[in-house]
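Visitor: Fold the following and give me the result.
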Amino acid sequence: MEKNQELRVLSIQSHVVSGYVGNKSATFPLQLLGFEVDAINSVQLSNHTGYKVTKGDILNDHNLNGKMIKLDIPKIPLSYVGSGDLFAALFLAHSTLQNNLKEALEKTINTLHAVLLNTMEHAKKYEDKGAQEARKKELRLIQSKNIIENPTTKLKADFL
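Guide: Below is the predicted model:
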């Protein structure tokens, strides 16, 4: 990211007139951290649903219709702690660095998938050695440095 590049976020969340949830709780902290925030309200409510009575409008899929992207991802037969966090970090980085949602998603998914495959291959080496299950499945981030920096695009996204 360039030093003087403007940081912008499109935040699509609920909105309440009274209280702090959804866009009302997300916008201010993001602005404090230097982001310009454009908010689209998915619901417009009088207050959050923790109160006994809530009134307002809910937008449906026709109100929020936009570009949809499809990407088929081969399933990996294990689950890994931290993979959602890795996705969020990669997508934040790539969507900021690319000015192209499809390309950002492809780079994110291809990187994540390759890191998980590296992790799975590493875990196979220890299947019969009595290693702790959690240790075998620690994400191989450091060992995947080159993949993270220069992801190969094997999995392609398509606009629907």
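Visitor: just checking, what packs against the helix or strand hosting Thr108?
Guide: Assigning secondary structure by DSSP states H and E places Thr108 in helix 101-124. Of the remaining helices and strands, those touching helix 101-124 by 3 or more CB pairs under 8 Å, 6 or more residues apart in numbering; DSSP states H and E are strand 69-71, helix 83-97, helix 145-149, strand 157-159. Just so you know, the C-beta spots here come from the backbone N, C-alpha and C atoms, and that holds for glycine as well.
Visitor: got a list of what Ile69 touches?
Guide: For Ile69, the residues meeting the contact criterion (CB atoms under 8 Å, 6 or more residues apart in numbering) are Leu101, Lys102, Leu105, Ala157, Asp158, Phe159, Leu160.
Visitor: which residues does the closest residue to it other than its chain neighbours contact?
Guide: In this structure, Ile69 finds its nearest non-sequential neighbour in Ala157, 5.0 Å apart by CB to CB, 6 or more residues apart in numbering. Contact analysis of Ala157 by CB under 8 Å, 6+ apart lists Ile69, Lys70, Leu71, Lys102, Leu105, Glu106, Ile109.
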